[in-house]
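Novice: using only what follows, build the 3D model:
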Amino acid sequence: MAHLRINARSRPWVISAAALAFAAVPACSRGDAPAPFLTVGLESAATDLDPRFATDAASARIGDLTFRSLTRLDEHRRHVPDLAADWRFESAEVLRFDLRRDVRFADGTALTAADVRATYESVLNPATGSPKRGDLGFLAAVDDPDEHTVRFHLRGPFAPFLESTTLGILPRAEIARGGRVLLGAGPYRVAEVRPDGDVRLHDPTGARAVGDILFRVVPDDTVRALELDKGTVDLVENAIEPDNVRWLEGRSGLCVDRTPGTTFQYLGINFADPRLRDVRVRRAIALAIDREDLVRHLLGGDARLATGLLAPEHWAYDGDVRVYRHDPAAAKRLLDEAGFPDPDGDGPAVRFRLSYKTSTLDSRRRIGEAIQSMLAAVGIGLDVRTFEWATFYDDVRRGSFQLYSLAWIGVNDPDFFYGLFHSTMKPPLGNNRGGYANPEMDRLTQTGRETLDVGRRRDVYAAVQRLAAEDLPFIPLWWTDNVVVRSARLCGFVPRPDGSFASFPSIWFALPNVSEPTDACRCSVR
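Specialist: Numbering: from 1, shown residues only. Presented below is the predicted three-dimensional model:
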């Protein structure tokens, strides 16, 4: 399969190597050897590295290394200071952040409150076209009374405010120039963005054990596995199919690490289709899909069946919801009740046909084909259509689909439900891509963001999860385990439940004949 190719003019943030070139800074690894080059294999290209526009996993993960924000999430998904030294409420509707005074952008300029204000105001400006604008609807204004203080004026009580403080901060001067901005204050600097989607990062300080990181887009799963085996790729996370993972486990020089994950895979539904607006049809589709079989045979057991968006580790998780075990007979009865009888019983004719969009990745295509077979068993024809990632993702964001499957990664505050389910949160304001609308869901998700007491918020989101399980604005599939395949020489990488690369700044390559800390380098055992 050919590598994903996108013309530079079709991707506004692609920047030539010449425009990003700068003098390389000599760097050292452990000992006196030059800092090595880490190559990370990606299954698909980042769609937009500018944090005002980044909504996909690859963009967000690379952004974690190139931008800094007021707060960041630790390994337990708690907000801890990043650019902010401290924060406090000056009143019920004014939140003040005191900034660190030692932070600079990668070009050496100081990061100040004016940059924070400019970044947030840019997202709020309708002319910017940021898909994150809807998430900041609670903000009335931002001001910077001095270089190291920024204040957020809220429209009213807003419980999940800290969720919005992980936005990567950009230089005010670069924002004023217009266009995409890739300059941040993170541990790495964007050194090159290639038209084929590859991204190279560089450590501007020269002090890190790994000086450069290349994110290589390798769309074909088998090629990714072979690159790992050859040593031309050092790490791939959550992007190797189970059969190839088992093969790689037997290859020398490689480690396979598995940890429970919170990545939520789901089946997206377009409510513009009158058939899919009928909850009986949505429930029939859920009952027709044998999720256990998919996990066992296509995922190698590396997933847990999901009851909804939030995984059991989340503080607001409620598993006491309606679940849909594989039951083709019940699915057929629901379709009959909905007015879609099977014209020839168990014959080849179908009740109706739907399209299912997915990417060209082999694993995604195989899942689509398996779902196609399962729906056929209850009389629903499914046309599986595959597209290169950029085209597929653009169609999903535009609502150009009937069914599709994607995953949500790194969900922290349950206010995430507001952007998914509230009827006003259609793109570009939010992520209600299917146009779902339910007045009770609107009320619950609005109440959740206005309720400050943690216990009461938990009760509200338990009701949200129960309603979502009944109404099926999307069909839950599974929570995917984190599966990392890496060079056995790569030490210090700590997988996180959301698949973040946050530990990259502290990793290193073990040198020959040098004793390394066992826990930092050894392969985990399943």
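Novice: next, the buried residues of the longest helix seen in the chain.
Specialist: The longest helix of the chain (DSSP state H) is helix 454-471. Buried residues in helix 454-471, counting neighbours by 16 or more other Cβ atoms under 10 Å, are found at 457-458, 460-469, 471. Using the backbone N, CA and C atoms, a C-beta is placed for each residue, glycine as well.
Novice: what does stretch 196-204 give?
Specialist: Quick answer for stretch 196-204 (16+ other Cβ under 10 Å): Gly197, Asp198, Val199, Arg200, Leu201, His202, Asp203, Pro204.
Novice: mark which of the residues you listed are part of helices, please.
Specialist: Per DSSP H, the buried residues of stretch 196-204 never map to helices.
Novice: any idea which of those is closest to Leu335?
Specialist: The closest of the buried residues of stretch 196-204 to Leu335 turns out to be Gly197 (Cβ to Cβ; 41.3 Å).
Novice: spatially nearest residue to the closest one, not counting backbone neighbours?
Specialist: Nearest non-adjacent residue to Gly197, counting by Cβ to Cβ, 6 or more residues apart in numbering: Ala45, 2.7 Å away.
Novice: for that neighbour, what is the enclosing helix or strand?
Specialist: Applying DSSP states H and E as the criterion places Ala45 outside every helix and strand.
Novice: that one against Val217, yeah?
Specialist: Yes - with contacts counted by Cβ atoms under 8 Å, Ala45 reaches Val217, the gap being 4.7 Å.
Novice: more neighbours, these two?
Specialist: Ala45 (28 against 21; other Cβ atoms under 10 Å).
Novice: how confident was the prediction at the more buried one?
Specialist: Note on Ala45: pLDDT of 92.
Novice: what's the weakest-modelled helix or strand in the chain?
Specialist: helix 17-20 (a mean of 42; mean pLDDT, DSSP states H and E).
Novice: rewinding a little: as JSON lines, the buried residues of stretch 196-204 with pLDDT and distance to Asp320 would be great.
Specialist: Listed next are the buried residues of stretch 196-204 as JSON lines, based on pLDDT from 0 to 100; distance: Cβ to Cβ, whole Å:
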{"residue": "Gly197", "pLDDT": "92", "distance to Asp320": "43"}
{"residue": "Asp198", "pLDDT": "96", "distance to Asp320": "46"}
{"residue": "Val199", "pLDDT": "97", "distance to Asp320": "43"}
{"residue": "Arg200", "pLDDT": "97", "distance to Asp320": "48"}
{"residue": "Leu201", "pLDDT": "97", "distance to Asp320": "44"}
{"residue": "His202", "pLDDT": "96", "distance to Asp320": "49"}
{"residue": "Asp203", "pLDDT": "94", "distance to Asp320": "48"}
{"residue": "Pro204", "pLDDT": "91", "distance to Asp320": "50"}
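Novice: what about those residues, which are in strands?
Specialist: Using DSSP state E, the subset of the buried residues of stretch 196-204 located in strands is Val199, Arg200, Leu201, His202.
Novice: which of those residues sits closest to Pro343?
Specialist: Nearest to Pro343 among these, with distances taken as Cβ to Cβ, is Val199, at 51.4 Å.
Novice: how close does the closest one get to Asp48?
Specialist: Shown here: Val199 relative to Asp48, a distance of 12 Å by Cβ to Cβ, to the nearest Å.
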